[in-house]
Each structure stands twice: as C-alpha cells, then as structure tokens.
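Undergrad: below are the sequence and a predicted model; questions follow.
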Amino acid sequence: MTPKKVLESKTVKMAAARFAEWLRAECRKSGDSDEFLFLWSPAESRDRGYGDCWTVCWEDGPFEWTMVCAGSGLYGAEMGDYGSPGPFPNGLDGDGWHSEPQNGFMLCFYS
C-alpha cells in the first residue's frame, strides 16, 4: 500500500482500511510492533465511546503519530519536528472523506 493509493480511496471505509494496511507495513519496516494496531468500524468506535467514525488505533506507536494526518512524519513528534513533510505532506484527506486525530494514538476517518 502506498500513500497515493490511500489518498485515492473512494469511501471512508476504504480510506481507513488502506491507511491501516499502509501503517502496518510501516511498522514492519521500522521494526515497531503492530500487535496493538487496530481498525475499528463505526459501531466498534461508538461502543468504545469515540463516536461514529472508522478508527485506526495504534496504542504503542510513536508519540503523536496521528500528526501524520496533518502532513508530519510518523516520528515527527518524537523528534520535535512537526514541520518536515511526511508521507502525506498535504494532509490525509480524500474526495468525500477526511481524517483527524482523536488523541495521540487514534486517527478517525469521517465523511
């Protein structure tokens, strides 16, 4: 999965699933564990108290990895570098959907 394919997603579900797939591959490349990386449906997110959205949760990821949705790198916050472009330099938004952080370890996808 590539950032370009994620951004080409046509639905919120597709965007969240493709992003989770991309993130899982990035975990493997960097040697991080993806054991606590989850993709939650809107029903599961709602049941957990986070609202109606597709959610990618990476509980043991780098500090504030969710800033990737604003154009930062996955490790930007850990390095104190929010300004250098990451894999989604123009943000993690597509035609008919957008993403935003719920907190430092959950990224929500909305219509």
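TA: Perfect, I can see it now. All values reported here derive from a predicted model rather than from experimental measurement. Numbering: from 1, shown residues only.

Undergrad: host element of the residue lying closest to S33 once chain neighbours are set aside?
TA: Leaving aside its sequence neighbours, S33 sits nearest to D60 (C-beta to C-beta, 6 or more residues apart in numbering; 6.2 Å). Using the backbone N, CA and C atoms, a C-beta is placed for each residue, glycine as well. Under DSSP states H and E, no helix or strand contains D60.

Undergrad: what sits against S30?
TA: Neighbour list for S30: L74 [criterion: C-beta atoms under 8 Å, 6 or more residues apart in numbering].

Undergrad: was I right about the residue nearest to S33 contacting F36?
TA: Yes - if you go by C-beta atoms under 8 Å, D60 and F36 touch, sitting 4.8 Å apart.

Undergrad: can you pull out the helices in the protein?
TA: Ranges of helices in the chain, per DSSP state H, are 3-7, 12-30, 42-47.

Undergrad: as a markdown table, those with mean pLDDT would be great.
TA: What follows is those, written out as a markdown table (pLDDT from 0 to 100):
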| stretch | mean pLDDT |
| --- | --- |
| helix 3-7 | 97 |
| helix 12-30 | 95 |
| helix 42-47 | 97 |
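
Undergrad: distance between the ends of stretch 94-111?
TA: Its start and end residues considered, stretch 94-111 measures 10 Å (C-alpha to C-alpha, to the nearest Å).
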